[in-house]
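J.: Any chance you can model this:
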Amino acid sequence: MKRIAVLIVDDHTLIRDGIQALLALVADVDVVGEAANGREALAKVRELLPDVVLMDLAMPVMSGFEAIRRIRREFPATKVIALSQYNDSEYVMPAIEAGACGFVTKMAAFSELAAAIHEAQRGDAYLSPSAATALVERCREKSLSDESEDSYGRLTDREREVLKLVAEGHTVREIADMLVLSTKTVDWCKTSFMRKLAIHNKTELIKYAIRKRVISL
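T.: Numbering: from 1, shown residues only. Predicted coordinates:
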């Protein structure tokens, strides 16, 4: 049975000691070293050539994100699993994009970490359930955002005109007077462009108008 050489990287000694003690219970895993920041991690990888690196993300000197990028560039055969106390997409997505093949939250059961190590060694990816949920939600939000961006081209000239005026803070009555339209027509245009853009309130509308440079701050 091939043993898996693991490097633990975390700026908290207690965390490193705790993980090492737990991994000692896994028959085919050997902890070959530790590091307290990203820079130390790079040096240890060069020295020890571990199979898997357990990488904390928020560390001094060099962040886990940067360390992951460098390890994956210099040592593509070494697998990196991101560790974090946070499971939102602001951490999960950058870690995966940097090159991590897994993401395990520090609140997860130890069995998840052991599973992640074995999956990484086999060349597969592993995400804690909460991290997977965050990633799916982020992808869904991006999909809706992209759809909203593409939908701008489907707006009529009148709808774009009304959108701009609404985003600038004008009331329906004011817009009707400015464009010489009925309030009913303005209301219809507003309802139509909000439906096409999947926008549900005034705050979303203003953010969208600024992003599309329909209005400026």
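
J.: Show me the strands in this structure, by range?
T.: 4-9, 29-35, 52-56, 79-84, 102-105, 126-127 (DSSP state E).

J.: I'd like the ones you listed written out as a markdown table, with mean pLDDT added.
T.: Putting the strands of the chain into a markdown table (pLDDT from 0 to 100) gives the following:
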| stretch | mean pLDDT |
| --- | --- |
| strand 4-9 | 97 |
| strand 29-35 | 96 |
| strand 52-56 | 97 |
| strand 79-84 | 94 |
| strand 102-105 | 91 |
| strand 126-127 | 87 |
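
J.: do you know which of those lies nearest residue 174?
T.: Among those, strand 79-84 comes nearest to residue 174, with 49.0 Å by C-beta to C-beta. Any C-beta I mention is one placed from the backbone N, CA and C, and that applies to glycine too.

J.: List the buried residues in that closest one.
T.: Using 16 or more other C-beta atoms under 10 Å as the test for burial, strand 79-84 gives 79, 80, 81, 82, 83, 84.

J.: could you list every residue that touches residue 29?
T.: 3, 4, 6, 23, 114, 117 (C-beta atoms under 8 Å, 6 or more residues apart in numbering).

J.: worst-scoring helix or strand of the chain, pLDDT-wise?
T.: When each helix and strand of the chain is scored by mean pLDDT, DSSP states H and E, helix 129-151 comes last, with a mean of 62.

J.: give me every residue that touches residue 127.
T.: 92, 102, 103, 104, 135.

J.: from those, which is closest to residue 75?
T.: Nearest to residue 75 among the contacts of residue 127, with distances taken as C-beta to C-beta, is residue 102, at 16.2 Å.

J.: How many residues are close by the closest one?
T.: For residue 102, the count of nearby residues is 27 (other C-beta atoms under 10 Å).

J.: Touching, it and residue 126? I think so.
T.: Yes - here residue 102 reaches residue 126: they are 4.0 Å apart, a contact under C-beta atoms under 8 Å.

J.: where do the contact lists of the two overlap?
T.: Residues within reach of residue 102 and of residue 126 at once, by C-beta under 8 Å, 6+ apart, are 81, 116, 119, 120.
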